[in-house]
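1. coordinates for the following, if possible.
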Amino acid sequence: MTRRTDWPDPSGPADRAGRGRAVGHDPWDTGDDDRPRRENSGGTDLPGDGHWDGRRREESDTERGDEADGRRGGGRRRRGRSGRSGGHQDSGSPHSSRAEKGESPGDPAEQARGICLRLLTGTPRTRKQLADALRKREIPDDVAEEVLSRFEEVGLINDGAFADAWVESRHHGRGLARRALARELRTKGVDSTLIDEAVGQLDSEQEEATARELVARKLRSTRGLDRDKRLRRLAGMLARKGYPEGMALRVVRQALEEEGEDVGDLGDEGI
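-> Residues are numbered from 1 along each chain as shown. Below you'll find the predicted structure:
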């Protein structure tokens, strides 16, 4: 039997010519396939008939549509996650809002104690001032009364000491007389008995001495004015600080007389 030796050589010219092709090319294809061929977008001949070519186009269109749907779906999912995240960030907890307002998340009594301690830090306050602050913060009246009474028991609220310190500071710092000091203490809710005791620290002699100091400091700025205008301006200043009218006129007349003004026709009644 004679053995056939004319089989196609897989390493023939056709194979050698196509060795530079992309990965996926069949090395055993010698180009003898008589099937109709088409060109792809890159210009390479591809085997196949019209039906095969149509199926490939349909599959490619379907794949592109799936990819587009996937991208749109991913965008919707991302927007959904972003929306949920944004909503979560916008919603604040009650504890954070209380912290921004300086309130503790505890019961009303704890809140009342915290408010009072903050207000008393560095500055004495009367019981009425603290009660007004608690009412403004909507602390129940019974709770506020209990907390304020406890603060009085331990000495954190002392209206008597407050009145004494107020008179001392405002008289020597601003030159206020007893009448003006009593008026200020009443507006702060200090009891009338405590007010009388506090302003009683000042006697008439000390009050008049302070009035003379005030007139002496103001007298220079009135020079150049006529006598009656100087009198009205200086006496009005003392009246606004709570000094009695008679005392104010007497002190001003003596100060003008010392400067050489003729005050012989000026009396002690009326400004």
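2. where does the stretch 51-200 of the chain have low pLDDT?
-> Scanning the stretch 51-200 of the chain for pLDDT under 70 picks out 51-105.
3. all helices in it, in order from the N-terminus.
-> 94-100, 108-120, 127-136, 141-153, 159-174, 178-187, 192-199 (DSSP state H, counting those that start in this stretch).
4. residue boundaries of the strands in this protein?
-> Applying DSSP state E to the chain gives strands spanning 37-39, 45-47.
5. thinking again about what came up before, out of the helices of the stretch 51-200 of the chain, flag the one nearest G246.
-> Closest to G246 of these is helix 178-187 (C-beta to C-beta; 12.8 Å). (Each C-beta comes from the backbone N, C-alpha and C, glycine too.)
6. packing partners for the closest one?
-> Counting contacts by 3 or more C-beta pairs under 8 Å, 6 or more residues apart in numbering; DSSP states H and E, helix 178-187 packs against helix 159-174, helix 192-199.
7. for it, which positions count as buried?
-> Judged by neighbour count (16 or more other C-beta atoms under 10 Å), helix 178-187 contains these buried residues: 178, 180-182, 184-185.
8. closest one of the residues you listed to G160?
-> Among the buried residues of helix 178-187, and counting by C-beta to C-beta, the member closest to G160 is L185, at 10.9 Å.
9. the closest one and L234, how far apart?
-> Distance of L185 to L234, given as C-beta to C-beta, to the nearest Å: 27 Å.
10. likewise R223?
-> In terms of C-beta to C-beta, R223 sits 12 Å off from L234.
11. the two: which is more packed in?
-> It is L234, of R223 and L234, that has more neighbours when counted by other C-beta atoms under 10 Å, with 25 against 8.
12. pull the contacting residues for the nearest residue to the more buried one once chain neighbours are set aside.
-> In space, and not counting its chain neighbours, L234 is closest to V252: 4.4 Å by C-beta to C-beta, 6 or more residues apart in numbering. Residues near V252 by C-beta atoms under 8 Å, 6 or more residues apart in numbering: 215, 230-231, 234-235, 238.
13. mind doing that once more with 7 Å?
-> 215, 231, 234-235 (C-beta atoms under 7 Å, 6 or more residues apart in numbering).
14. over to Q201?
-> V167.
15. for H171, see how far away it is.
-> For Q201, the distance to H171 equals 9 Å [C-beta to C-beta].
16. re earlier: out of the helices and strands packed on helix 178-187, which gets nearest to S149?
-> In terms of C-beta to C-beta, the element of the helices and strands packed on helix 178-187 nearest to S149 is helix 159-174, at 13.0 Å.
17. so for that closest one, what gets flagged as buried?
-> 159, 162-164, 166-167, 170-171.
18. now do stretch 119-130: distance from first to last residue.
-> End-to-end distance for stretch 119-130: 8 Å, by C-alpha to C-alpha, to the nearest Å.
19. can you count the residues close to A255?
-> A255: 21 surrounding residues under other C-beta under 10 Å.
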